[in-house]
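>>> coords please:
(chains A, B, C and D)
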There are 2 protein chains.
Amino acid sequence: MSPKIIDESVILSAAAEEFAEMGFNGARVDSIAKRANVNKAMLYYRVGDKKELYRRVVLNGQKSIQTAIMNALSTSNTAPDAIVAILKGITENVAENRLIPSIILREISGSGKTLPEEALKGISKFMGTIKSVVKMGIEEGTFRDIDSITLQFIITSAIFTMSLTTQLRQNINPENPGPLTAETITDSINDILLNGILKEGTV
Amino acid sequence: MSPKIIDESVILSAAAEEFAEMGFNGARVDSIAKRANVNKAMLYYRVGDKKELYRRVVLNGQKSIQTAIMNALSTSNTAPDAIVAILKGITENVAENRLIPSIILREISGSGKTLPEEALKGISKFMGTIKSVVKMGIEEGTFRDIDSITLQFIITSAIFTMSLTTQLRQNINPENPGPLTAETITDSINDILLNGILKEGTV
DNA sequence: CTATTCAGTTTAACCGTTTGGTTAAATATA
DNA sequence: TATATTTAACCAAACGGTTAAACTGAATAG
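Numbers count the residues shown, from 1 in each chain, chains lettered A, B, ... in the order given. Take a look at the predicted model:
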């Protein structure tokens, strides 16, 4: 039908980088085009305007995390296993693609003002997933009676901020920057999350 | 010496609002002026350019949280008390002034690219504080051997995201939005943080 | 007591640049 | 040729920042 055909995913990756680094407002359409080695008008022809670029990036990222969570769940039998698997799944997903947590945290900062409506369903689904895991854990007797929403926010926000601050933590305190790899981040969050900080029998 | 004199704090409050809602890049100098009911040139005359406005806002916010933490520490004797007090102190501070967590989360999202250098010292100090509390807790036998940096990030990121998403959570799931007030947020984070999610004797 | 000065303060109007977005023409394939 | 793709050039609007003039009220001089 026609000439070389630019891969749409190249555009979306470039857009994801720009949005993650600069935020929606800070992102420059020209800059996205430059990152993708593409003429600016290409973006509008192939994807759409700035908002549409952002929408696509957000929904792609959400899908990526969702499948990571689903994979995690499918390989775990007990509730504690499931939580550990989810934590590990998200952390590894984030390690491969650091752009998503940055975008999500920015959305939270702005009260979801620029969040595409479709994304809300994904969040709602995730909330339901955690809730059912917690319910299962309580019923099977492995979990205390904890609030599932708080747990969800502790898990995700801890992973996101720990992952995004690896560089910053090394700059601030090179001798003791805390966990830096996906594995050590998972482990240390896991340790506190599962057992708490109190020594048993304290309270 | 001269006329009415505009209160500088009015300008800084307006700037804080704008930066929190829109981010540094999204913030409009004209918009800050409008919020403060002040001519735009006033901002430059009284405070400085956009960067300087932001610097002042960030340092003010940091100082506010720092004193909240110091007050919390002064009234607690054991390490667990201190952690609870810090958590409560930050949450209450955030409830009064929702602008700070928004700005901090945005900085984390951007790897601290727009963070004024002076702010790094404050973060470093906070890391030291948590570290010494954890050390004390381990020595006095009340804490397990946990990573203080992970604990710090769990505490702050959980408070910030829970506080910033009160509206969003109500929109997504009106029947079960999770904790909404400063007190309930503190309590639910506390519960998980201190005791973990596992029922004793499980593991 | 009034007029004048003067420094600090406030403002409307303006400026060069950058921005998101468009368009008409050019290019490449089939 | 017909169609899908790519591009350089362009545009109005919005942006951060500046400036010179206007205003204010206390201090000073007559």
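
>>> Look up how far B:R55 lies from the most centrally placed residue in chain A.
Closest residue to the average C-alpha location of chain A: A:P101 at 4.0 Å, with C-alpha atoms, centre = their mean. A:P101 sits 26 Å away from B:R55, going by C-beta to C-beta, to the nearest Å. Quick note: C-beta positions are derived from backbone N, CA and C, even for glycine.

>>> Repeat that for A:A20.
24 Å.

>>> the more surrounded of those two?
Taking A:A20 and B:R55 together and counting by other C-beta atoms under 10 Å in any protein chain shown, A:A20 has the greater number of neighbours (25 against 19).

>>> Helix or strand: which one has the more buried one?
helix A:8-26 (DSSP states H and E).

>>> Can that helix be said to contact DNA strand D?
No. Helix A:8-26 stays clear of DNA strand D (C-beta under 7 Å from any atom of the strand), getting no nearer than 8.8 Å.

>>> Quick check: mean pLDDT of that helix?
When pLDDT is averaged along helix A:8-26, the result is 94.

>>> Output the contacting helices and strands for the next helix or strand after that helix.
Next in sequence after helix A:8-26, counting helices and strands by DSSP H and E, comes helix A:29-35. Where contact means 3 or more C-beta pairs under 8 Å, 6 or more residues apart in numbering or on different chains; DSSP states H and E, helix A:29-35 is packed against helix A:8-26, helix A:40-46, helix A:50-74.

>>> could you redo those as CSV and give each row distance to A:E175?
Shown next, in CSV, are the helices and strands packed on helix A:29-35 (distance: least, C-beta to C-beta, whole Å):
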stretch, distance to A:E175
helix A:8-26, 28
helix A:40-46, 45
helix A:50-74, 33
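
>>> Tell me which of those helices sits nearest to A:G196.
A:G196 sits nearest to helix A:50-74 of all the helices and strands packed on helix A:29-35, at 22.4 Å, using C-beta to C-beta.

>>> and the closest one with DNA strand C, contact?
Yes. Contact of helix A:50-74 with DNA strand C (C-beta under 7 Å from any atom of the strand) involves A:50-51.

>>> So which bits of that helix are buried?
The neighbour-count check on helix A:50-74 (16 or more other C-beta atoms under 10 Å in any protein chain shown) flags A:50, A:53-58, A:60-62, A:64-65, A:68-69, A:72-73 as buried.

>>> and which of those residues is nearest B:Y44?
Closest to B:Y44, out of all of the buried residues of helix A:50-74 and judged by C-beta to C-beta, is A:K50, at 29.4 Å.

>>> how much space is there between that closest one and chain B?
Distance, A:K50 to chain B, using C-beta to the nearest C-beta, to the nearest Å: 13 Å.

>>> tally of neighbours for the nearest residue to that residue once chain neighbours are set aside?
In space, and not counting its chain neighbours, A:K50 is closest to A:V29: 5.5 Å by C-beta to C-beta, 6 or more residues apart in numbering or on different chains. By the criterion of other C-beta under 10 Å, A:V29 has 15 neighbours.

>>> Then A:A16?
For A:A16, using other C-beta under 10 Å, the count is 25.

>>> Might you report the residue contacts of it?
Counting by C-beta atoms under 8 Å, 6 or more residues apart in numbering or on different chains, A:A16 makes contact with A:57, A:60-61, A:99, A:103.

>>> Columns distance to B:K135 and pLDDT on top of these, output as a markdown table?
Shown next, in a markdown table, are the contacts of A:A16 (distance: C-beta to C-beta, whole Å; pLDDT from 0 to 100):
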| residue | distance to B:K135 | pLDDT |
| --- | --- | --- |
| A:V57 | 43 | 95 |
| A:N60 | 43 | 93 |
| A:G61 | 38 | 94 |
| A:L99 | 36 | 92 |
| A:I103 | 36 | 94 |
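
>>> contacting residues around A:R106?
A:R106 neighbours (C-beta under 8 Å, 6+ apart): A:23-24, B:23, B:105-106, B:109.

>>> Kindly recompute the last result at 6 Å.
Applying C-beta atoms under 6 Å, 6 or more residues apart in numbering or on different chains to A:R106 gives the contacts A:23, B:109.

>>> Tell me how far it lies from B:V84.
30 Å.

>>> okay, now the closest residue in space to A:A33 that isn't next to it in sequence: neighbour count?
Using C-beta to C-beta, 6+ apart and skipping the chain neighbours, the partner closest in space to A:A33 is A:K40 (4.1 Å). A:K40: 15 surrounding residues under other C-beta under 10 Å.

>>> Hmm, A:K40 is touching A:S31, no?
No. Checked against C-beta atoms under 6 Å, the pair A:K40 and A:S31 is beyond contact range at 9.7 Å.

>>> quick revisit: out of the helices and strands packed on helix A:29-35, nearest to B:L194?
helix A:50-74 (26.2 Å).

>>> could you check the angle helix A:8-26 makes with that closest one?
Relative orientation of helix A:50-74 with respect to helix A:8-26: 110 degrees, computed using axes from the mean of the first three to the mean of the last three C-alpha atoms, to 10 degrees.

>>> Check which helices and strands helix A:50-74 is in contact with.
Other elements packing on helix A:50-74 under the criterion 3 or more C-beta pairs under 6 Å, 6 or more residues apart in numbering or on different chains; DSSP states H and E are helix A:8-26, helix A:79-96, helix A:117-140.

>>> want to throw these into a markdown table with distance to B:T129?
Shown next, in a markdown table, are those (distance: least, C-beta to C-beta, whole Å):
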| stretch | distance to B:T129 |
| --- | --- |
| helix A:8-26 | 30 |
| helix A:79-96 | 26 |
| helix A:117-140 | 31 |
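
>>> Can you read off the pLDDT for A:D81?
94.
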